[in-house]
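# Give me the fold of what follows.
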Amino acid sequence: MALVIDPAGNEVRALAQATHWRGKRVLEVGCGSGRLTLRLAHLGAARIDARDPDAKLIHTARKNLPKRYAHCIEYHFGEAERVGHQANTFDLVVFSWAL
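I've put the predicted structure just below:
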């Protein structure tokens, strides 16, 4: 049986209501296989740096990245404590479903 997450679209509606995503630079911490990352891109985020400490999940996310989002999403293997970006690089940080 396949796991279906949020078939009613409640998560996307909540994200859309939380802030204006269009044109934002987003850091997603704990992106896993990229399920939420793709939703953020669909909402209009201009750049998404998505990272996860699980190399297998990053591999899966990269493999399943649709070409239409390849220009705005980068998946990185690594921990949130070592992002390596300067201050003010991102407009928003998302840490969801990671604990």
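
# Roughly how far does Leu65 sit from His76?
Per C-beta to C-beta, to the nearest Å, Leu65 is found 13 Å from His76. Any C-beta I mention is one placed from the backbone N, CA and C, and that applies to glycine too.

# Same check on His20?
Taken as C-beta to C-beta, the span from His20 to His76 is 25 Å.

# Those two: which is more packed in?
A side-by-side neighbour count of His20 and His76, using other C-beta atoms under 10 Å, places His76 first with 15 against 11.

# which ones are touching the more buried one?
Counting by C-beta atoms under 8 Å, 6 or more residues apart in numbering, His76 makes contact with 49-51, 58.

# mind checking the SS state of it?
strand (DSSP: H, G, I helix; E, B strand; the rest coil).

# which ones among the contacts of His76 are found in strands?
Counting by DSSP state E, the contacts of His76 place 49-51 in strands.

# In space, what's closest to the spatially most central residue of the chain - neighbours in sequence excluded?
The chain has Thr37 as the residue nearest its centroid, 2.7 Å off, counting by C-alpha atoms, centre = their mean. In space, not counting the residues next to it along the chain, Thr37 is nearest to Ala50; the distance is 4.5 Å by C-beta to C-beta, 6 or more residues apart in numbering.

# how near is the one you found to Thr89?
Shown here: Ala50 relative to Thr89, a distance of 14 Å by C-beta to C-beta.

# So the two - more neighbours on which side?
Under the neighbour definition other C-beta under 10 Å, Ala50 and Thr89 were set side by side, and Ala50 has more, 26 against 12.

# so what pLDDT did that one get?
With respect to pLDDT, Ala50 scores 96.

# any idea how far it lies from Ser96?
On the measure of C-beta to C-beta, Ala50 and Ser96 end up 11 Å apart.
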